[in-house]
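K.L.:
coordinates for the following, if possible.
(one chain, ligands or ions: 1)
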Amino acid sequence: MVRCCAAFRDGLSKQKVPFYSEHYWDDTGMQRYCDEPLGLVCSLVVGDVSERSQQGAERRGKMSVRTAIRTLAVAGGAGAIAFVGAATAQVDVFESSVFGPVVRTLVNAELAHRAAVYAAQYGWFGFGRGAVVDDPRLRSEVCGRVFLNPVGVAAGFDKNAECVEGLLKSGFGFVEIGSVTPQPQDGNPRPRVFRLTEDRAVVNRYGFNSDGMRQVRTRLERVAEKPLKGVVGVNVGKNKTTEDAKQDYGAVISELAHLSDYLVVNVSSPNTPGLRDLQHESELAALLKHVMNARNEAVRRERPNAQLRSMPPVFLKIAPDLSEEDKQGIARVCLDVGIDGIVVSNTTVARPDSLKSDKKLVEQAGGLSGEPLFDASTRVLGDMYRLTQGKLVLIGVGGVASGEQAYAKIRRGASLVQLYTSLTYQGPKVAERIKRELLECLERDGFNSVSEAIGADFR
Ligand SMILES: Cc1cc2nc3c(=O)[nH]c(=O)nc-3n(C[C@H](O)[C@H](O)[C@H](O)COP(=O)(O)O)c2cc1C
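P.N.:
Here you go, the predicted structure:
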C-alpha cells in the first residue's frame with residue numbers, strides 16, 4: 001500500500017497534473033488549481049489548498065469559502081480512501097449508489113483517468129482475484145493472433161503503455177495502447193474531458209496528449225519481456241503541427257511495429273485539426289500504402305527473415321460520422337491496398353437529441369463516446385461489413401456496456417469488440433461481466449463460439 005501510494009505520488013508529480021473540478025467549483029464561482037498533485041492528495045485529506053486559490057478567493061472577498069474547502073477536502077479525502085479501499089476489496093464501487101456518484105463529483109474526469117491508469121499499473125484492477133481463465137468458447141484466432149476472449153480496451157485509456165499488464169490481468173483479451181505520436185506533445189488545454197453522467201457518456205478533446213514514440217518504445221520493450229496472456233495493439237496518431245501526416249504515421253510504425261501484435265492507423269479523432277480529412281479516398285490510399293511499407297521495413301530490420309504473415313496486421317480506425325460515399329471509398333481503398341481490417345468507430349462529433357445531461361456539458365467541443373454512440377457506431381460497423389463483403393476483420397467499438405451490446409456488434413460483423421467509456425462508469429469488473437453475458441447470448445442462440453456468431457445478422 002505504501003509502495004503504491006509513493007508510486008502514485010511520484011508519477012503524478014512528474015506529470016504535474018492540474019486539478020479542475022468543473023461542476024462544484026463552477027457553482028461557487030471559483031476555480032481551484034493545484035500545481036503539485038501530492039499537494040492535491042494532501043489537500044483532499046487535511047483540507048489544505050494551494051495558496052493561489054486561497055488568494056484568488058480572498059481577492060474575490062469570499063471568506064467563507066475556506067470553510068467550504070476544508071469540509072469538501074475532508075469529504076474528498078474520505079471518499080478517495082473509501083474508493084481505493086473498496087476498489088481493492090473488489091466491492092462494486094462504481095455501480096454502487098453511493099460511492100460512484102461521490103467519486104464522480106469529487107474527482108474530475110481527467111484526474112480519475114490518471115488515477116485509474118495508476119491503479120491498473122500497480123495491480124489494483126485485478127487485486128484479490130485469481131488468474132482469469134476464459135471459457136474456450138470465447139477464444140478465437142484473428143489475423144494469426146490468438147485472442148483468449150474478444151473483449152478489449154479501446155485506444156485512449158492507456159495512451160502511453162503504462163498499464164497493459166494490469167488491464168490484461170483484469171480480464172480483457174487485448175489492449176490497444178495509444179494514440180502514440182512521434183514527438184511528445186501535451187494535447188489541448190485543460191479541462192478537456194467531461195462526464196455526461198446521466199447519459200453514461202463522455203466528451204473528450206484530449207488532442208493526442210502523448211509521451212511520444214521513444215518513451216512508449218521503452219515501455220513496450222519492458223512489456224515484451226513479460227509472459228503476458230493477451231494481445232497488445234498500437235494505435236498511431238500524428239503530431240498536431242506536422243504537415244505531412246504520412247511521415248508521422250510512418251515514423252511511429254517504424255519505431256514500434258516489431259513490438260506490436262497489431263497496428264491501428266487512427267485517422268478519425270475529431271480533436272486534431274484536419275485529421276479526419278485523411279479518410280477521403282484520395283489521401284487514404286497513399287497513406288495506407290506508406291504505412292504498409294513502413295511496417296514491412298521495420299519488421300524486417302528487426303527480423304530479416306520475417307514472413308509477411310508474421311507481420312503485425314494493419315487496421316484503419318474510422319469515424320462514425322461518414323457519408324455513404326466516404327464509407328464506400330474507405331471500403332474500396334482498404335480492399336485494394338490489402339490492409340487487414342477496420343476499427344469501427346472513434347467518437348462522434350454529433351450530439352443526439354436524446355442526450356439528457358446539462359447543456360453546458362453536451363455542448364463542449366470534442367468527441368462523444370459511451371452509450372449514446374452505440375447505435376450509430378453499430379450501424380456503421382454493419383455498413384462496413386457489407387461494403388467489404390466480410391473480407392476484412394472488423395473491431396467493433398462504441399457504447400459497449402453489456403454482453404448483449406458486445407454480442408450485437410459481433411452479429412453485425414465484428415470479430416472483436418472494444419470499450420472505453422463503460423470502463424470508466426462500471427470499473428474494471430466490466431470485462432468479466434461482459435464475457436459472462438456474452439456467453440449467455442451465445443448459448444441462447446445456439447452458437448458454440450464467438451467465431452460462429454460473427455456477421456450472423458447478414459446470413
Ligand atoms: C477520453 C478518451 C480518449 C480517447 N483517446 C483516443 C485515442 O487517443 N485514440 C483513439 O483512436 N481513440 C481514442 N478514443 C476513442 C475510443 O478508443 C473509442 O473509439 C470511443 O471512445 C468509443 O468507445 P466507447 O463508447 O466504448 O468509449 C478516446 C476516447 C475517450 C473517451
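
K.L.:
what residues go with each domain of this structure?
P.N.:
Following automatic domain parsing, one finds the domains of the chain at 2-107, 132-458.

K.L.:
just tell me which of these ends up closest to the ligand.
P.N.:
Closest to the ligand of the domains of the chain is domain 132-458 (CB to the nearest ligand atom; 2.2 Å). C-beta here means a position set from N, CA and C on the backbone, and glycine is covered the same way.

K.L.:
quick one, what contacts Ala245?
P.N.:
238, 275, 278, 287 (CB atoms under 8 Å, 6 or more residues apart in numbering).

K.L.:
mean pLDDT lowest where, among the domains of the chain?
P.N.:
The minimum mean pLDDT among the domains of the chain belongs to domain 2-107 (a mean of 43).

K.L.:
what residues does this protein put near the ligand?
P.N.:
For the chain, the residues in contact with the ligand (CB under 6 Å from any ligand atom) are 154-156, 159, 178-179, 193, 202, 204, 206, 235, 266, 269, 317, 346-347, 369-370, 373, 397-400, 419-422.

K.L.:
where along the stretch 151-300 of the chain do the helices fall?
P.N.:
Counting by DSSP state H, counting those that start in this stretch, one finds helices in the stretch 151-300 of the chain at the ranges 164-169, 213-224, 245-256, 281-302.

K.L.:
just say which of these is most tucked in.
P.N.:
helix 164-169 (a mean of 24; mean count of other CB atoms under 10 Å).

K.L.:
okay, that one in CSV with CA atoms only?
P.N.:
Below are the C-alpha coordinates for helix 164-169, written out as CSV (Å, rounded to 0.1, in the frame of the first residue of the first chain):
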residue,chain,number,x,y,z
VAL,A,164,-1.0,-3.1,-20.2
GLU,A,165,-0.3,-5.9,-17.8
GLY,A,166,-2.8,-4.7,-15.2
LEU,A,167,-5.6,-4.4,-17.9
LEU,A,168,-4.9,-7.9,-19.3
LYS,A,169,-4.9,-9.3,-15.8
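
K.L.:
which strands or helices does that helix pack on?
P.N.:
In this structure, helix 164-169 packs against helix 109-121, strand 174-180, with contacts taken as 3 or more CB pairs under 8 Å, 6 or more residues apart in numbering; DSSP states H and E.

K.L.:
which of these sits most buried?
P.N.:
strand 174-180 (a mean of 28).

K.L.:
that one - contacts with which helices or strands?
P.N.:
strand 151-153, helix 164-169, helix 213-224, strand 231-236, strand 262-266.

K.L.:
now the end-to-end length of stretch 347-363.
P.N.:
15 Å (CA to CA, to the nearest Å).

K.L.:
now do that stretch: distance to the chain's middle.
P.N.:
Computed by CA atoms, centre = their mean, to the nearest Å, the chain-centroid distance of stretch 347-363 equals 19 Å.

K.L.:
where does the nearest residue to Gly403 once chain neighbours are set aside sit: helix, strand or coil?
P.N.:
Among residues not flanking Gly403 along the chain, Glu437 sits closest, at 2.2 Å (CB to CB, 6 or more residues apart in numbering). Here Glu437 is helix, with the state taken from DSSP: H, G, I helix; E, B strand; the rest coil.

K.L.:
for Glu443, see how far away Glu437 is.
P.N.:
11 Å (CB to CB, to the nearest Å).

K.L.:
what of Leu308?
P.N.:
38 Å.

K.L.:
more neighbours: which of the two?
P.N.:
Taking neighbours as other CB atoms under 10 Å, Leu308 and Glu443 compare with Glu443 leading, 11 against 8.

K.L.:
got the buried residues for the one helix or strand the more buried one maps to?
P.N.:
Element membership for Glu443 (DSSP states H and E) is helix 430-444. Residues of helix 430-444 classed as buried: 430-435, 437-439, 441-442 (neighbour count, 16 or more other CB atoms under 10 Å).

K.L.:
other residues contacting it?
P.N.:
Outside helix 430-444, the residues touching it (CB under 8 Å, 6+ apart) are 132, 134-135, 137-138, 149-151, 170-172, 400-404, 406-407, 410, 419, 422-423, 426, 448-450, 452-453.
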